[in-house]
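*Asks:* got a predicted model here, sequence first, then my questions.
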Amino acid sequence: MRQNFIEVSVGLLMLAGIAALAFLALQVSARGFGQNKDGYEVVAYFTNTSGLTDKARVSFAGVNIGQVQSIEVVPDRMKAKVKMKINKDVDYLSVDSSAVIQTAGVLGEKYVALYPGSEDDVLENGAEIHDTQSSMIFEDMIGKLVTNYAAKD
Amino acid sequence: MEQLAWLGRTGIAITQSLGQSALLLLMALTAPPDRLSRELRRLVTQIYFIGVNSVLIVMLSGLFIGMVLALQGHTVLSRFGAVEALGQLVSLTLLRELGPVVAGLLFAGRAGSAITAELGFMKATEQLSALEMMGVDPLAHVLRPRFLAGLISMPILAQIFNAVAILSAWLVSTELLGIDGGSFWANMNQVVDFREDVVNGIIKAIVFGFVITWVALHQGYTAAPNTEGINRSTTRSVVIASLSVLALDFVLTALMFGE
């Protein structure tokens, strides 16, 4: 009986260790699971997605409404295709919405911000957002500032 | 002259005890094995005493350390408007350093001391000699299962510590500090690499487990067979094991993450 109790609790310890490792592997260090709620997919093409990663937030008016699923280069267009999953209950994005890659704070992570359009029709599964604006690259901005400043003198 | 002799004596004593403990471990590991089922049964019993009994203290410490890390990280990061990076701060700190080290120190205090005291008592009450008289090798029957159990338990405990601490940091961040849970995890995923951070943390934990149980076994086995001897060996076991963990952590970090 006592030996049985010991064996069961050691088994539990092993299970807890495996669970902890699985948690660290899947949720902490890799593309996690569990956050993928039901939803529909929307794609957008950007000339530059620098800094944007899988699982980045997709927000509308500052509220999270989905996440980035994949980013890949499409050679035909010479652009990066960003596939986003939008939560199912979000049914108010008009077809002429625009997508902008923005940064949370100065050092924060990149996310996709969606801005409303004016059409009545809404985006559906597989739809494309045509109006896009790429990531701001900090170095480029500083470069522009410096050249502007130099030109003024 | 007297000081010089003292230095020499100390040096010889340290070298002697290092060699002695290495031989002890080697003999315990290479002693002829028993039937597999018996070996396993002893191992499981020792994992229970060494590992399972340490789970509660490890989980509680993880809980509080995770929460404190989140609060402290928040005060610094909010100054730079980068509270979103809290997830990566907490997870990297835990996976790379705090997890293995704090779990190791707890393990030395909780399990290492117990091993030393137990062995010392067995020696003082002449149980070890009795085993030998009966033709049973105490190295194989007493030392080996304890050593292997420590080697197995330590990485498991460290990973449990990490998981609990990260979860508690997440709770504090989202519930108390109002950080968005999505960006907490997303930020963490961006920087944490399984091979680089998680696996290296596990390697550290295994090395610490090796050293802690090794020190504990040697101290217990060579304890003077009386009350004061057990007392001194137990203290020394915790002190040496803790210092070794901290010193080895520096070496391992330099090897793993240093340029």
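*Replies:* That came through fine. Numbering: from 1, shown residues only, chains lettered A, B, ... in the order given.
*Asks:* give me the residue from chain A nearest chain B.
*Replies:* In chain A, the residue that lies nearest chain B is residue A:17 (3.4 Å; CB to the nearest CB). (Each C-beta comes from the backbone N, C-alpha and C, glycine too.)
*Asks:* please report how far that residue lies from residue B:202.
*Replies:* Distance, residue A:17 to residue B:202, by CB to CB, to the nearest Å: 10 Å.
*Asks:* now for the two: what residues contact both?
*Replies:* B:155, B:159 (CB atoms under 8 Å, 6 or more residues apart in numbering or on different chains).
*Asks:* wait, does the top strand by length along chain A make contact with chain B?
*Replies:* Longest strand in chain A by number of residues, with DSSP state E as the criterion: strand A:63-74. Yes. Against chain B, strand A:63-74 shows contacts by CB under 8 Å from any CB of the partner chain at A:64, A:67.
*Asks:* the next helix or strand after that strand pairs with which strands?
*Replies:* Counting by DSSP states H and E, the next helix or strand C-terminal to strand A:63-74 is strand A:79-87. Next to strand A:79-87 in the sheet, as set by DSSP bridges, lie strand A:39-46 (antiparallel), strand A:63-74 (antiparallel).
*Asks:* out of those, which is closest to residue B:128?
*Replies:* strand A:63-74 (61.0 Å; CB to CB).
*Asks:* the closest one: which residues count as buried?
*Replies:* In terms of neighbour count (16 or more other CB atoms under 10 Å in any protein chain shown), strand A:63-74 has its buried residues at A:65, A:66, A:67, A:68, A:69, A:71.
*Asks:* do the same with stretch B:241-259
*Replies:* B:241, B:242, B:244, B:245, B:248, B:249, B:252.
*Asks:* name the element the fifth one belongs to?
*Replies:* In this structure, residue B:248 sits in helix B:227-257 according to DSSP H and E.
*Asks:* work out the gap between that helix and the centre of the chain.
*Replies:* Average the C-alpha atoms of helix B:227-257, do the same for its chain, and the two points are 9 Å apart (CA atoms, centre = their mean, to the nearest Å).
*Asks:* avg pLDDT for it?
*Replies:* Mean pLDDT, helix B:227-257: 93.
*Asks:* now the terminal residues of stretch B:179-198, how far apart.
*Replies:* Across stretch B:179-198, the terminal residues are separated by 24 Å (CA to CA, to the nearest Å).
*Asks:* related to what we said a few turns ago, quick check, nearest of the buried residues of stretch B:241-259 to residue A:132?
*Replies:* Using CB to CB, residue B:252 is the member of the buried residues of stretch B:241-259 that lies nearest residue A:132, at 46.1 Å.
*Asks:* got the residues of the stretch 51-200 of chain B near chain A?
*Replies:* Proximity of the stretch 51-200 of chain B to chain A, by CB under 8 Å from any CB, involves residues B:51-52, B:55, B:80-82, B:84-85, B:91, B:95, B:153, B:155-157, B:159-160, B:162-164, B:166-167, B:180, B:182-183, B:185-190, B:192-194, B:197-198.
*Asks:* which ChimeraX command selects the buried ones in the residues you listed?
*Replies:* Selection of buried members from these for ChimeraX, criterion 16+ other CB under 10 Å:
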select /B:51,52,55,82,84,85,91,95,153,155,156,157,159,160,162,163,164,166,167,180,182,183,185,186,187,188,189,190,192,197,198
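*Asks:* residue B:186 is in contact with residue A:109, correct?
*Replies:* Yes. The criterion here is CB atoms under 8 Å, and residue A:109 meets it with residue B:186 at 6.3 Å.
*Asks:* so what sits against both of those two?
*Replies:* Contacts common to residue A:109 and residue B:186, judged by CB under 8 Å, 6+ apart, are A:53, A:56, A:57.
*Asks:* so which of those residues reach chain B?
*Replies:* Okay, of these touching chain B (CB under 8 Å from any CB), that's A:53, A:56, A:57.
*Asks:* ok, and the closest non-adjacent residue to the second one?
*Replies:* Meaning residue A:56. Leaving aside its sequence neighbours, residue A:56 sits nearest to residue A:68 (CB to CB, 6 or more residues apart in numbering or on different chains; 4.5 Å).
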